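**Q** Here is a sequence with its predicted model. Questions after.
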Amino acid sequence: LEMSNTKSYIFICALMGLGFMAEAQTDKKLDQSVQVVREYSPTISDATKMHKMPVLDDTSSYRPVFRYGILDRVSLVSTKPETISAARMNYRSNELFYRSMLRGGLGNYSSFAGDYTYNILNNKEFLLGFDLGHRTSIGRLKLEDDDKVDAPFHDTEAVLNFKYFFDKYTFSSNLKFDHHIYRFYGLQTLDAADSYANIADPLNPLLGSALFGDDDERWSGFKANFGLANNLDEEAAVNFNSNLGFNLFSTKTGVKQNGFNLSGEAIFPVAEYRGGIEASLDYAKVSKPDSVGPLYSFEERSHTLLQIKPHVNFVFNNFNLRAGIAIVAQIEKNEDEFYLMPDVKGVWNVAEGTVSLYGALRGDYRANSYREIIEENPFVSADQNVKSSATPISIEAGLDARFSSVVSFNARVGYSVINDEHFFVNKPYLSTSAVTAYSNRFVAVYDDANLFNAPAGLTVSPGNKSQILARIEYYGWQTDLLDKAWGLEPNSRLGCQ
């Protein structure tokens with residue numbers, strides 16, 4: 001009985017304990033978070049017979065054996081690699097290097113010269129500067145009759161340059177004014193008391209005193225040119241430059257010329273090569289004075305000149321070829337002209353940087369404005385009738401050679417066929433005694449001619465600050481009607497600098 005009572009107490013106490021634990025578990029929430037203090041690396045403590053602890057890392061290695069074979073099957077790839085152009089320096093010339101510069105000089109026949117250049121702006125965006133120059137002479141010349149005469153001249157020029165550099169384009173402008181004073185000092189064989197007739201108008205003779213005229217002459221001119229060009233870029237579809245110019249010109253006699261010029265060039269790809277086109281439009285009009293004396297016989301003249309020159313540049317290993325044509329059309333008061341001329345040039349680099357040969361087959365056309373004639377020979381008669389000149393064919397070949405870094409040589413031969421080339425002769429008059437007399441003024445006469453020329457030059461550069469230039473030229477003129485090429489280049493010319 002006592003044993004059974006004891007077991008009953010133990011059973012009752014166990015039930016009470018379970019109830020208390022169940023009540024405690026129901027009152028307390030479970031915490032399911034696990035905190036890892038350090039990396040777990042199990043060990044087997046009882047395996048001591050191996051004399052070292054086992055490591056879970058696999059230290060064994062296996063090197064597979066590969067066998068390669070080529071399967072000859074065509075694989076079509078549609079991806080085309082993009083070409084990358086080489087880097088190119090975009091060089092901007094420095095026209096006005098010095099901040100300011102003053103120069104002066106003396107010459108024979110009591111002549112003096114000087115000019116002043118001032119650079120106002122010169123940075124990466126702007127270039128602005130001006131140049132003033134003057135040349136004068138108070139000398140005397142001895143004529144063919146041993147008479148000494150005054151031969152003064154005074155030339156003044158002023159130039160203003162401006163450029164603005166955009167990111168991809170460059171705008172430029174150039175303004176130029178020039179003024180020239182001189183006198184007709186040459187020998188003339190006119191007699192003041194005799195009567196003379198102009199060969200072009202023989203029925204109206206005049207006294208020689210009426211043909212002397214005023215020996216003092218002057219003329220002034222103004223030119224304005226504006227340009228826009230893109231900075232050369234190989235990646236650009238088109239590289240171009242364009243120019244627009246105006247010009248004014250007048251003489252003391254009263255002759256005036258006004259004109260404008262529009263020109264441009266574009267370079268663009270043609271298949272795998274580079275091509276381009278040049279075009280220009282020139283217009284000039286010459287007006288006669290309001291009052292015309294007996295000395296001159298004026299005619300008004302105007303011309304419009306259109307030129308188009310397309311070309312393609314072919315580049316081979318050691319040979320470059322430019323192939324094109326020149327299309328020229330001139331509309332003039334008395335005569336219209338049209339020309340189709342070649343424009344071909346080839347360069348063969350025999351030894352890169354040392355010897356190159358070149359040849360060209362070209363044509364040319366010159367409108368020969370009144371101002372250009374005056375600039376070439378200021379002593380022409382004020383009533384000069386100006387005609388255009390054409391060179392339908394011109395052939396040339398040349399050699400450029402560099403023997404060393406010090407000595408270089410170049411030579412060229414050329415042959416041209418020229419239509420209506422101008423030559424200067426003294427203005428003739430016919431006296432009553434049928435003797436031809438000449439004034440101290442020139443006129444331009446026109447004749448067809450052939451020209452053979454052969455220039456050659458040698459350059460020696462012994463140092464960075466010294467250079468010697470020697471040049472010789474030969475000209476061989478063959479005129480159609482004239483006895484010789486009056487007023488043009490001599491047969492030969494030799495120079496050293």
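**A** That came through fine.
**Q** From now on I want contacts and neighbour counts done on CA atoms only, so please keep to that.
**A** Will do.
**Q** This structure: helices as residue ranges?
**A** For the chain, the helices defined by DSSP state H cover 2-27, 370-376.
**Q** mean pLDDT lowest for which of those?
**A** Ranked by mean pLDDT, those bottom out at helix 2-27, which scores a mean of 49.
**Q** so what's residue 85 scoring on pLDDT?
**A** For residue 85, the pLDDT comes out at 47.
**Q** ah, wrong one, I meant residue 159
**A** pLDDT, residue 159: 96.
**Q** Go ahead and flag the most central residue of the protein.
**A** Centroid-nearest residue in the chain: residue 241, 8.7 Å away (criterion: CA atoms, centre = their mean).
**Q** List the beta-bridge partners for the closest residue to that residue other than its chain neighbours.
**A** Excluding the flanking residues, the one nearest residue 241 by CA to CA, 6 or more residues apart in numbering is residue 229, at 4.0 Å. Counting by DSSP bridges, residue 229 is bridged to residue 170, residue 241.
**Q** Relative to residue 131, how far out is residue 229?
**A** 24 Å (CA to CA, to the nearest Å).
**Q** again, but for residue 183
**A** 26 Å.
**Q** and the two? which has more neighbours close in?
**A** The residue with more neighbours, out of residue 183 and residue 131, is residue 131; 19 against 16, by other CA atoms under 10 Å.
**Q** what about the closest residue to residue 124 other than its chain neighbours, how many residues close to it?
**A** Among residues not flanking residue 124 along the chain, residue 165 sits closest, at 7.1 Å (CA to CA, 6+ apart). As a burial measure, residue 165 scores 18 neighbours (other CA under 10 Å).
**Q** So, low pLDDT: which residues of this protein?
**A** 1-98, 200, 234-235, 291-293, 434, 489 (pLDDT under 70).
**Q** What is the longest strand belonging to it packed up against?
**A** Using DSSP state E to define each element, the chain has its longest strand at strand 407-431. In terms of contacts (3 or more CA pairs under 8 Å, 6 or more residues apart in numbering; DSSP states H and E), strand 407-431 is packed against strand 195-198, strand 389-402, strand 436-453, strand 456-463.
**Q** Adjacent strands (with direction) for the last one?
**A** Read it as strand 456-463. The pairing partners recorded for strand 456-463 under DSSP bridges are strand 407-431 (antiparallel), strand 466-479 (antiparallel).
**Q** Please state the offset of it from the chain centre?
**A** For strand 456-463, the separation from the chain centroid amounts to 25 Å (computed by CA atoms, centre = their mean, to the nearest Å).
**Q** what's in contact with it?
**A** Identification of contacts with strand 456-463 by CA atoms under 8 Å, 6 or more residues apart in numbering yields 405-412, 467-473.
**Q** which of the residues you listed lies closest to residue 429?
**A** residue 473 (35.9 Å; CA to CA).
**Q** any idea how far the residue nearest to that closest one when sequence neighbours are not counted lies from residue 391?
**A** Using CA to CA, 6+ apart and skipping the chain neighbours, the partner closest in space to residue 473 is residue 455 (4.1 Å). Computed with CA to CA, the distance linking residue 455 and residue 391 is 19 Å.
**Q** Also residue 109?
**A** From residue 109 to residue 391 the distance is 38 Å (CA to CA).
**Q** Which of these two has more residues huddled nearby?
**A** Set residue 109 next to residue 391 and count neighbours by other CA under 10 Å: residue 391 wins out with 21 against 14.
**Q** can you tell me which residues contact that one?
**A** 363-365, 416-419.
**Q** Residues in a beta bridge with it, which ones?
**A** When bridges are called by DSSP bridges, residue 391 pairs up with residue 364.
**Q** now it: how far from residue 205?
**A** Relative to residue 205, residue 391 is positioned 38 Å away (CA to CA).
**Q** Give me whichever of the strands paired with strand 456-463 is most buried.
**A** With neighbours defined as mean count of other CA atoms under 10 Å, the strands paired with strand 456-463 peak in mean count at strand 407-431, which reaches a mean of 19.
**Q** give me the number of residues near residue 298?
**A** 17.
**Q** quick one, phi/psi of the spatially closest residue to it that is not a sequence neighbour?
**A** Spatial nearest neighbour of residue 298, excluding adjacent residues (CA to CA, 6+ apart): residue 383 at 4.9 Å. When quoted as degrees, to the nearest 10, the phi and psi of residue 383 stand at phi -100, psi 30.
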